[in-house]
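1. need a structure here:
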Amino acid sequence: MGDAPAIARVVEITGAAAREGNAVVVVSAMAGVTNRLLEAALEAQAGNFDSVQTILQELRAKHETALNALIRSQVE
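-> Got it, this is the predicted structure:
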């Protein structure tokens with residue numbers, strides 16, 4: 001799930017499935033997140049904590065952007 005529109009599609013699909021009966025949903029990380037987390041781990045291991053902080057800030061911003069887009073779409 002790469003962005004807010006992809007997440008919104010998953011919500012629509014799973015919502016429809018849940019209305020028909022029991023549903024189990026398994027999702028993966030947003031696009032690129034796993035690789036960035038692995039990169040952060042390697043940077044931490046190397047003692048590059050400024051790089052780790054930068055990566056974590058970027059990941060937080062990515063998730064906040066998607067969340068804000070989803071919230072806006074629900075308000076409209």
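2. skip the chain neighbours and tell me the closest residue to Asp3.
-> Once flanking residues are discounted, Asp3 sits nearest to Ala66: 5.9 Å by C-beta to C-beta, 6 or more residues apart in numbering. For the C-beta atoms, the positions are set from N, CA and C on the backbone; glycine is no exception.
3. element containing that neighbour?
-> Following DSSP states H and E, one finds Ala66 within helix 49-75.
4. same question for that helix, mean pLDDT?
-> Mean pLDDT, helix 49-75: 93.
5. and for stretch 16-34?
-> 89.
6. which positions in that stretch come out as buried?
-> For stretch 16-34, the neighbour count (16 or more other C-beta atoms under 10 Å) marks Met30, Val33 as buried.
7. could you dump that stretch to CSV, C-alpha only?
-> Provided in CSV are the C-alpha atoms of stretch 16-34 (Å, rounded to 0.1, in the frame of the first residue of the first chain):
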residue,chain,number,x,y,z
ALA,A,16,-17.6,-4.7,1.5
ALA,A,17,-16.2,-8.1,2.5
ALA,A,18,-17.0,-7.4,6.2
ARG,A,19,-20.6,-6.5,5.3
GLU,A,20,-20.9,-9.9,3.6
GLY,A,21,-19.5,-11.9,6.6
ASN,A,22,-16.4,-12.3,8.7
ALA,A,23,-13.2,-11.0,7.2
VAL,A,24,-9.6,-11.2,8.0
VAL,A,25,-7.3,-8.5,6.6
VAL,A,26,-3.5,-8.8,6.4
VAL,A,27,-1.6,-5.8,5.1
SER,A,28,2.1,-5.0,4.5
ALA,A,29,4.0,-1.8,5.1
MET,A,30,3.6,1.2,2.9
ALA,A,31,5.8,1.1,-0.2
GLY,A,32,9.4,1.7,0.7
VAL,A,33,9.0,1.6,4.4
THR,A,34,10.6,-1.8,5.1
